[in-house]
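Enquirer: Structure here, sequence nowhere to be found:
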């Protein structure tokens with residue numbers, strides 16, 4: 001006696017050895033592979049987002065602080081020619 005199970009799409013009883021439903025053509029193996037690929041890609045994107053924010057936010061903050069510091073600095077040498085005059089070049 002052949003064991004049967006219900007098709008996941010059309011719910012018709014089909015043999016468990018069948019790879020494709022004879023009624024609707026549903027192939028669970030192809031569906032599972034595409035779902036697995038989607039899960040892998042989604043997991044990678046989520047990981048990159050989390051890692052990117054953990055690393056990116058402190059780097060952005062550091063750059064912002066350095067820019068503010070640079071804007072507040074004033075040049076200490078207002079006469080660049082005075083250096084060469086004192087060295088007799």
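Expert: Arrived safely. The structure displayed is predicted, hence computed values, not measured ones.
Enquirer: where exactly do the helices run in the chain?
Expert: Using DSSP state H, the helices of the chain run over residues 28-72, 81-86.
Enquirer: ok, of those helices, where does mean pLDDT dip lowest?
Expert: Ranked by mean pLDDT, the helices of the chain end with helix 81-86 in last place, scoring a mean of 59.
Enquirer: Now tabulate the helices of the chain in CSV and tack on mean neighbour count.
Expert: (C-beta placed from N, C-alpha, C; glycine too.) Formatted as CSV, the entries for the helices of the chain read as follows, by neighbours: other C-beta atoms under 10 Å:
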stretch, mean neighbour count
helix 28-72, 10
helix 81-86, 9
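Enquirer: wait, which of these is closest to residue 22?
Expert: Proximity to residue 22 (C-beta to C-beta) singles out helix 28-72 among those, at 13.6 Å.
Enquirer: quick one on the thing from earlier: any chance of the helices of the chain in JSON lines, plus distance to residue 4?
Expert: Formatted as JSON lines, these follow (distance: least, C-beta to C-beta, whole Å):
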{"stretch": "helix 28-72", "distance to residue 4": "14"}
{"stretch": "helix 81-86", "distance to residue 4": "93"}
